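>>> heads up, no residue letters with this:
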Ligand code: ADE
């Protein structure tokens, strides 16, 4: 997979993308991530990328030309696959595990990090394939959401996580939250571990895990039972 990220804060990405699983995925050539400074695509001598809204009102908007130029340049460099162009903004569809799985199937993602009061509507209408939000709260920009999306997607790429089973049993698989986990020591500050987990009876352990996962989901996220 190739991911291009268009941002006015390119430096924000370095520390996050060059650590942990995403760093490993890049080293293993599972993903190539390119960061583009939107200001490089501004025709303005001050590298301005925003302007006032037509019709008045408060706040600034992202101008369309630098964003179009950046996306067109990326598309011209990558001609062998059609990219999915995604705008990170609070108005988008909320990211969930199902969407992450869908996005993990694309060979090329272009992420546009929204800013200010928003982007010129023509970007949405003519350039963007889908809009994604990471939740019903407003952040200062689309950079953190883009990093969240990249993390959620890259870990799903084949060969990125060592243990395939850990993907099968994690939260949201089969619309369930995870069952409780314990590790050594079996006794810690007078707190124990459910006997069943120490019994060695793998069949019973599996039943217990399924039961507790169901109970936990019912208590905390009953909405998951009705979602697909
Ligand atoms: N930009 C600002 N807030 C956001 C959010 N919650 N999701 C995606 N992009 C955003």
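Structure received. Predicted model only: the values in this text are computed from it and were never measured.

>>> what does this structure have sitting close to the ligand?
Applying CB under 6 Å from any ligand atom, one finds that the chain approaches the ligand through 88-90, 114, 133-135, 137-139, 141-142, 145. From N, CA and C alone the C-beta is placed, and that goes for glycine too.

>>> mind checking which of these are buried?
88-90, 114, 133-134, 141-142, 145 (16 or more other CB atoms under 10 Å).

>>> contacts for stretch 167-180?
Contact with stretch 167-180 is made by 96-97, 156, 161, 194, 208-210, 212-214, 216-217, 220-221, 224-225, 227-228, as judged by CB atoms under 8 Å, 6 or more residues apart in numbering.

>>> next one: stretch 209-226
For stretch 209-226, contacts defined as CB under 8 Å, 6+ apart pick out 172, 175-180.

>>> between the residues you listed, which sits nearest residue 79?
residue 172 (35.6 Å; CB to CB).

>>> centre-most residue in the protein?
residue 149 (1.0 Å; CA atoms, centre = their mean).

>>> helix, strand, or coil at that residue?
Three-state assignment for residue 149 (DSSP: H, G, I helix; E, B strand; the rest coil): helix.

>>> now do the one 4 residues further on
Reducing the assignment at residue 153 to three states with three-state DSSP gives helix.

>>> assess the claim that it and residue 100 are in contact.
Yes - in this structure, residue 153 is within contact of residue 100 by CB atoms under 8 Å, at 5.4 Å.

>>> can you tell me which helix in the protein is longest?
When the chain is parsed with DSSP state H, its longest helix is helix 202-220.

>>> what's the burial count for residue 12?
Neighbourhood size, residue 12 [other CB atoms under 10 Å]: 18.

>>> oh sorry, the question was meant for residue 176
Residue 176: 19 surrounding residues under other CB under 10 Å.

>>> and what of residue 226?
Per other CB under 10 Å, the neighbour tally for residue 226 reads 7.

>>> also residue 154?
Counted with other CB under 10 Å, residues neighbouring residue 154 total 23.

>>> how close does it get to the ligand?
Separation of residue 154 from the ligand (CB to the nearest ligand atom, to the nearest Å) stands at 18 Å.

>>> residues contacting the residue lying closest to residue 130 once chain neighbours are set aside?
Closest residue to residue 130 apart from its sequence neighbours, by CB to CB, 6 or more residues apart in numbering: residue 86 at 5.6 Å. By CB under 8 Å, 6+ apart, the residues touching residue 86 are 103, 109-112, 128-132, 149.

>>> buried ones among the contacts of stretch 167-180?
Buried among the contacts of stretch 167-180 (16+ other CB under 10 Å): 161, 208-209, 212-213, 216-217, 224.

>>> got the residues you listed as JSON lines, with pLDDT columns?
Shown next, in JSON lines, are those (pLDDT from 0 to 100):
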{"residue": "161", "pLDDT": "90"}
{"residue": "208", "pLDDT": "98"}
{"residue": "209", "pLDDT": "97"}
{"residue": "212", "pLDDT": "97"}
{"residue": "213", "pLDDT": "96"}
{"residue": "216", "pLDDT": "97"}
{"residue": "217", "pLDDT": "96"}
{"residue": "224", "pLDDT": "91"}
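
>>> now distance to residue 2 too, for these, in JSON lines please.
Output for the buried ones among the contacts of stretch 167-180, formatted as JSON lines (distance: CB to CB, whole Å):
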{"residue": "161", "distance to residue 2": "20"}
{"residue": "208", "distance to residue 2": "43"}
{"residue": "209", "distance to residue 2": "38"}
{"residue": "212", "distance to residue 2": "40"}
{"residue": "213", "distance to residue 2": "36"}
{"residue": "216", "distance to residue 2": "38"}
{"residue": "217", "distance to residue 2": "36"}
{"residue": "224", "distance to residue 2": "32"}
